[in-house]
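Asks: okay, here's the prediction I keep looking at, along with the sequence it came from:
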Amino acid sequence: MTRVRWARDGDAKGVQPLFEASMVSEGLPMNLAAFRRTWRHAFGPKSTFRFVVAVDASRAVVGCCTVHTHYSTYRGQPVVEVEDVYVVEPRRGRGIGAKLLGFCEKYAESIKAARTELHVRQGNRAARLYLRQGYEPVDYEWMQKPLRTLMAASGSGGRAGRGVRHRNKERA
Ligand SMILES: CC(C)(COP(=O)(O)OP(=O)(O)OC[C@H]1O[C@@H](n2cnc3c(N)ncnc32)[C@H](O)[C@@H]1OP(=O)(O)O)[C@@H](O)C(=O)NCCC(=O)NCCS
């Protein structure tokens, strides 16, 4: 039985391999320094996002995602964005992804958010799950501007100076 819950600070070791695998699946260089910063930030006092984990009966982390709270000035309500959805390969296709989304949607309702939203690369099979879950495509261009403060990826697989090029493929 898989249980979905908010991540605790002590889950870092369980989530890190999923983060690494997610980077690889996105074609991004491994960036463990970024993961450490992200984790510290998630549990810091000014955090605007939280990790959610799916844990199995042996308490191993088998899935995760992040929940970011924004605001719709048009609706006058919060908006919850779900990112970094990942389930370990051997456990896919058993509803864990849907469970993670359901958890985030319940949270969004609890804070009276107008909607939940997410980004998915064209051609990613995950879009089938999102459509089934009730997500609808939005006709907007998604644009980004990498800033000079962008830090280059470091750690195994990463090469200094390649950060900006890869950033073009990143989610946010
Ligand atoms: C997307 C993902 C989180 C879904 O988790 P899951 O537990 O398998 O999801 P569920 O069992 O609830 O739903 C199954 C659906 O997941 C998606 N899925 C399954 N395997 C997948 C894979 N290797 N890559 C992308 N999506 C996949 C499909 O939409 C599938 O539905 P389908 O069988 O009709 O095609 C998981 O497959 C995954 O981690 N994929 C790799 C990372 C990724 O692409 N994340 C999404 C980024 S936007």
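Replies: All right, it came through fine. Numbers count the residues shown, from 1 in each chain.

Asks: C-alpha from now on. contacts and neighbour counts both.
Replies: Fine.

Asks: now the phi/psi pair for Leu32, please.
Replies: phi -70, psi -30 (degrees, to the nearest 10).

Asks: ok, how many other residues are close to it?
Replies: Counted by other Cα atoms under 10 Å, the residues lying close to Leu32 total 18.

Asks: strands of the chain, start to end?
Replies: Secondary structure of the chain (DSSP state E): strands at 3-6, 49-55, 61-72, 77-87, 115-117.

Asks: near the ligand, which residues of this protein?
Replies: 22, 85-87, 92-98, 119-120, 124-129 (Cα under 6 Å from any ligand atom).

Asks: can you select the buried ones from those residues in ChimeraX?
Replies: Remark: buried members of the residues of the chain next to the ligand, expressed as a ChimeraX selection using 16 or more other Cα atoms under 10 Å:
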select :22,85,86,87,96,97,119,127
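
Asks: Gly14 contacts Ala60, correct?
Replies: Yes - if you go by Cα atoms under 8 Å, Gly14 and Ala60 touch, sitting 6.8 Å apart.

Asks: who's more crowded, the two?
Replies: Remark: of Gly14 and Ala60, Gly14 carries more neighbours, 18 against 14, as counted by other Cα under 10 Å.

Asks: quick one: pLDDT of the more buried one?
Replies: Looking at Gly14, its pLDDT reads 98.

Asks: so who does the closest residue to it other than its chain neighbours touch?
Replies: Of all residues not flanking Gly14 in the chain, Val61 sits nearest, at 5.4 Å (Cα to Cα, 6 or more residues apart in numbering). Each residue near Val61 by Cα atoms under 8 Å, 6 or more residues apart in numbering is listed here: Asp11, Gly14, Val15, Val53, Ala54, Val55.

Asks: so who does the most centrally placed residue in the chain touch?
Replies: Geometric centre of the chain, nearest residue: Asp84, 1.9 Å, by Cα atoms, centre = their mean. Counting by Cα under 8 Å, 6+ apart, Asp84 touches Ser22, Cys64, Cys65, Thr66.

Asks: which among the residues you listed gets closest to the ligand?
Replies: Ser22 (5.9 Å; Cα to the nearest ligand atom).

Asks: point out where this structure drops to low pLDDT.
Replies: 154-172 (pLDDT under 70).

Asks: can you pull out the helices in it?
Replies: 12-25, 32-42, 96-110, 126-132, 163-167 (DSSP state H).

Asks: neighbours of the closest residue to Val87 other than its chain neighbours, how many?
Replies: Nearest residue to Val87, sequence neighbours excluded (Cα to Cα, 6+ apart): Gly63, at 4.1 Å. For Gly63, the neighbour count with other Cα under 10 Å is 29.
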